[in-house]
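K.L.:
Just a sequence and a predicted model for now, questions to come.
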Amino acid sequence: MKKILIVFLMSTLFLSCASSSDETLAAPIVTEQMYFPPIDGSSTWETKSITDLGWNQAAVQPLLNYLELKNTKSFIVLVNGKIVLENYFNGHDAAKFWQWNSAGKTLTATVTGIAQKEGLLNINNKVSDYLGTGWTSTPIAKENLITCKNLLSMNSGLNDALGDDVSPTNLQYVANAGTRWAYHNVYVKLQDVVAQASGQSWNSYFNTKLRDKIGMSTTGFWYVGTGIYKGLSIYFSNTRSMARFGLLSLNKGTWNGTTILNETYFNEATNTSQTINQAYGYLWWLNGKTSYHLPQTQLKINGNLIATAPSDMYCALGKDDQKVYVVPSKKMVVIRMGEAADSENLALSDFDEVLWQKISALYQ
């Protein structure tokens with residue numbers, strides 16, 4: 001009788017454990033909810049530790065040493081919206097501003113998309129619909145081929161060898177719009193298009209429709225060039241403002257449940273926008289493509305834009321190594337601001353390759 005009782009109890013215990021195990025295996029995996037910092041101007045921003053992520057703490061200091069060596073002023077890593085790393089170097093701090101340079105092109109692309117979402121413009125329309133004819137010095141028939149989408153995609157066909165000035169005399173014909181990719185400051189005319197279409201100044205529309213919606217610093221500003229810098233429009237902000245924009249971009253234009261930018265437009269912006277440069281969207285650079293072109297060259301280069309970085313990454317890149325890297329597969333945003341890592345460069349250098357080797361060491 002004792003044996004029967006013992007066998008019964010053991011069987012019951014086994015079935016109980018098996019049932020508990022099955023329930024554990026069947027339990028849904030809980031995904032951490034995306035975090036968004038408040039937009040009320042407070043300094044509150046939740047953090048997540050390297051340890052909590054299960055990342056490699058030993059890889060942190062080599063990364064920071066490299067960043068400092070390479071003239072970095074600020075560096076932020078977000079995962080699921082929370083700050084994992086935030087570091088300042090070489091006399092910089094969280095309150096100080098720095099220029100985005102061409103990384104700010106993505107701000108213009110985003111605001112253009114917002115204006116389209118509001119029905120103020122259509123990127124498939126020709127630029128002269130908004131600015132009138134004569135905004136270039138090309139023949140009218142050629143000028144009327146240039147759409148807003150061509151400016152977003154860098155295939156306007158205008159001469160990219162004449163500097164940053166976008167006055168009509170400096171915007172000259174080289175090829176029909178859509179047939180030639182060339183990195184050109186003419187994209188900045190989109191700011192005029194938005195101003196004309198909205199009936200507001202570019203600054204006012206940008207501030208109310210983007211900056212204030214995601215809590216970027218209210219004292220950030222656009223520098224508009226004069227003299228030899230005529231035609232430049234460069235945004236200055238603190239590093240957390242850039243990180244906020246990166247977080248909006250990670251979430252495809254949605255901020256904490258509020259749609260700032262239409263997701264369809266955002267998906268277009270972060271995918272190949274034309275047939276020539278596979279690694280270029282609407283003023284966004286794209287990793288993981290089969291080939292790419294660099295600024296100031298017509299040379300096609302085979303391979304990934306940044307071979308050491310995740311293939312699904314899209315990024316805003318600016319002169320002197322201003323970086324907004326967005327990696328959806330890792331729910332990660334990486335920001336770097338500062339002076340040129342090595343010699344002056346316009347978008348990419350081996351700095352990106354080495355930097356991503358060191359970032360990858362955190363989580364591999």
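P.N.:
Received the coordinates, thanks. Numbers count the residues shown, from 1 in each chain.
K.L.:
all contacts plus neighbour counts: C-alpha atoms, from now on.
P.N.:
Noted.
K.L.:
Show residues contacting stretch 279-291.
P.N.:
Identification of contacts with stretch 279-291 by C-alpha atoms under 8 Å, 6 or more residues apart in numbering yields 105-106, 109, 149, 152-154, 268-274, 277-278, 292-293, 300-307, 309-317.
K.L.:
Now the buried members of those.
P.N.:
105-106, 109, 149, 152-154, 269-274, 277-278, 292-293, 304-306, 309-311, 313-317 (16 or more other C-alpha atoms under 10 Å).
K.L.:
Just the ones in strands from the residues you listed, please.
P.N.:
Counted as lying in strands by DSSP state E, out of those, are Y292, Y314, C315, A316, L317.
K.L.:
need the contact list for the last one.
P.N.:
The one in question is L317. S102, A103, W284, W285, K323, V324, A347, L348.
K.L.:
what's the closest non-adjacent residue to it?
P.N.:
A103 (4.4 Å; C-alpha to C-alpha, 6 or more residues apart in numbering).
K.L.:
Please enumerate the helices of this structure.
P.N.:
Counting by DSSP state H, the chain has helices at residues 2-26, 50-53, 60-69, 105-117, 128-131, 140-143, 148-153, 189-198, 202-206, 239-250, 263-269, 350-363.
K.L.:
What residues sit buried inside stretch 315-332?
P.N.:
For stretch 315-332, by 16+ other C-alpha under 10 Å, it's 315-328, 332.
K.L.:
thinking again about what came up before, surely the residue nearest to L317 is in contact with Y325?
P.N.:
No: using C-alpha atoms under 8 Å, A103 is not in contact with Y325; the gap is 10.1 Å.
K.L.:
what touches both of these two?
P.N.:
Common contact partners of A103 and Y325 (C-alpha under 8 Å, 6+ apart): A316.
K.L.:
circling back: could you dump the ones in strands among the buried ones among the contacts of stretch 279-291 into CSV with distance to G338 and pLDDT added?
P.N.:
Listed next are those as CSV, based on distance: C-alpha to C-alpha, whole Å; pLDDT from 0 to 100:
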residue, distance to G338, pLDDT
Y292, 25, 96
Y314, 20, 98
C315, 16, 98
A316, 14, 98
L317, 12, 96
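K.L.:
of all those residues, which comes closest to R240?
P.N.:
Using C-alpha to C-alpha, A316 is the member of these that sits closest to R240, with 15.3 Å.
K.L.:
For that closest one, list the residues it contacts.
P.N.:
S102, A103, G104, K105, T106, L283, W284, W285, Q322, K323, V324, Y325.
K.L.:
Could you find the closest non-adjacent residue to the fifth one?
P.N.:
If I follow you right, that is T106. Leaving out its chain neighbours, the residue that sits closest to T106 by C-alpha to C-alpha, 6+ apart is L283, at 5.5 Å.
K.L.:
Counting neighbours, what do you get for the one you found?
P.N.:
Neighbours of L283 under the rule other C-alpha atoms under 10 Å: 27.
K.L.:
Got the phi and psi for it?
P.N.:
phi 70, psi 10 (degrees, to the nearest 10).
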